[in-house]
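A.B. asks: Got a sequence here, can you build the structure:
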Amino acid sequence: MKISNADRARILVHALPYIQRYAGKILVVKYGGSAMLNEQLKDSVMRDIVLLSLIGVRVVLVHGGGPEITRLLNKMGKESQFVDGLRVTDKETAEVVQMVLAGKINKDLVNLLQNRGGKAVGLSGMDGHMIEAAVKDERLGFVGQITKVNVQPVLDLLEKGYIPVVSTVGCDSEGNVYNINADTAAARIAGELKAESLISMTDTPGILRDKDDPDTLIPLIRLEEAPALAREGIISGGMLPKAECCAEALRQGVNKVFIIDGRIPHAILIETLTDEGIGTMFVDTQKEGEAQ
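C.D. replies: Below you'll find the model as predicted:
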């Protein structure tokens, strides 16, 4: 479909109020799901982030990488085991997690952003002791419960105009490496940064009243409504911990949190720069910055 110059101008004018709303503000994107595995979707995400950065949005990209970890462990002949949805992480697996997340995936994303015109620097939670952790559950081994977050390395990069790309690997004072849930890490980082918004990319349209019917999407959830939705089973399964992370981010000072469908090309731009948006938005109506 050919778009005329006049149409392009109208699109930009329509986006202006949203650009003004986010200009100079911090936006944390938790990157995961199909958008990390599909090359076209990956390109869409990188272009969205670069565009937002160029118009003055201070974007922080936080990522995991479970499928790549599993793939490498399989090549090593090491079977992946999970308890309550979390990967059992012995010492050897922790080394693989560090290698895959802080190494290959992180640097690949930095390279992609730079190839699309962005300025990016990769960090892991171990850099500057950004994410300090302790054992979450003895059954899980080196799966970390976050004890402290130091966002100064992120702020330093944002101040210099870079896009920080953060892999969710933590550490402790004894030098142990921990596998950290990416949703949890993104929420804590966004909270410490007092971000304008946190966007969590998933493989679902958002929170659905009927999990089998995309037309039952709940576009807005107020913080005080979330517990009732969980009790009713509307927020359940794998979406439950994601919703809990959204709520925690709001309590820590993030203005708005979104769960969006990363399978939709340019989902980040649709959510941030249009009045329709997609996915489910979480807000705390007790705070200033309540969604209009």
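A.B. asks: quick one, strands of the stretch 1-150 of the chain?
C.D. replies: 26-31, 58-63, 82-83, 86-87, 120-124, 131-135, 144-149 (DSSP state E, counting those that start in this stretch).
A.B. asks: Next, format these as TSV and append mean pLDDT and distance to A190.
C.D. replies: All C-beta spots, glycine's among them, are computed from the backbone N, C-alpha and C. Shown next, in TSV, are the strands of the stretch 1-150 of the chain (pLDDT from 0 to 100; distance: least, Cβ to Cβ, whole Å):
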stretch	mean pLDDT	distance to A190
strand 26-31	97	4
strand 58-63	98	8
strand 82-83	82	26
strand 86-87	84	21
strand 120-124	97	15
strand 131-135	96	13
strand 144-149	95	10
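A.B. asks: want to throw those strands into TSV with mean neighbour count and distance to T285?
C.D. replies: Listed next are the strands of the stretch 1-150 of the chain as TSV, based on neighbours: other Cβ atoms under 10 Å; distance: least, Cβ to Cβ, whole Å:
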stretch	mean neighbour count	distance to T285
strand 26-31	26	21
strand 58-63	26	25
strand 82-83	12	36
strand 86-87	18	32
strand 120-124	22	34
strand 131-135	20	30
strand 144-149	18	26
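A.B. asks: Redo these as TSV? Include distance to R47.
C.D. replies: Below are those laid out as TSV (distance: least, Cβ to Cβ, whole Å):
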stretch	distance to R47
strand 26-31	13
strand 58-63	12
strand 82-83	33
strand 86-87	31
strand 120-124	13
strand 131-135	28
strand 144-149	29
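A.B. asks: So which of those strands is nearest G206?
C.D. replies: strand 26-31 (14.1 Å; Cβ to Cβ).
A.B. asks: how far is stretch 40-53 from where the chain is centred?
C.D. replies: 14 Å (Cα atoms, centre = their mean, to the nearest Å).
A.B. asks: export it as PDB, just CAs?
C.D. replies: The C-alpha coordinates for stretch 40-53 follow below in PDB (Å, rounded to 0.1, in the frame of the first residue of the first chain):
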ATOM      1  CA  GLN A  40      10.900 -10.000  11.200                       C
ATOM      2  CA  LEU A  41       9.400  -9.300  14.600                       C
ATOM      3  CA  LYS A  42      12.900  -8.800  16.000                       C
ATOM      4  CA  ASP A  43      13.600  -6.200  13.300                       C
ATOM      5  CA  SER A  44      10.300  -4.500  14.100                       C
ATOM      6  CA  VAL A  45      11.200  -4.200  17.800                       C
ATOM      7  CA  MET A  46      14.700  -2.900  17.100                       C
ATOM      8  CA  ARG A  47      13.300  -0.300  14.700                       C
ATOM      9  CA  ASP A  48      10.700   0.800  17.200                       C
ATOM     10  CA  ILE A  49      13.300   1.300  20.000                       C
ATOM     11  CA  VAL A  50      15.600   3.200  17.700                       C
ATOM     12  CA  LEU A  51      12.800   5.500  16.500                       C
ATOM     13  CA  LEU A  52      11.700   6.200  20.100                       C
ATOM     14  CA  SER A  53      15.300   6.900  21.100                       C
END
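A.B. asks: what does it contact?
C.D. replies: Contacts to stretch 40-53, defined as Cβ atoms under 8 Å, 6 or more residues apart in numbering, come from residues 22, 27, 29, 31, 34-36, 59, 61, 109, 112-113, 116-119, 163, 201, 262-263, 265-269, 272.
A.B. asks: From those, list just the buried residues.
C.D. replies: 22, 27, 29, 31, 35-36, 59, 61, 109, 112-113, 118, 163, 201, 262-263, 265, 267-269, 272 (16 or more other Cβ atoms under 10 Å).
A.B. asks: Show me what counts as buried in stretch 168-183.
C.D. replies: Quick answer for stretch 168-183 (16+ other Cβ under 10 Å): T168, V169, G170, C171, D172, V177, Y178, N179, I180, N181, A182, D183.
A.B. asks: List the residues that contact the last one.
C.D. replies: Listed by Cβ under 8 Å, 6+ apart, the contact partners of D183 are K30, S200, P241, K242, C245.
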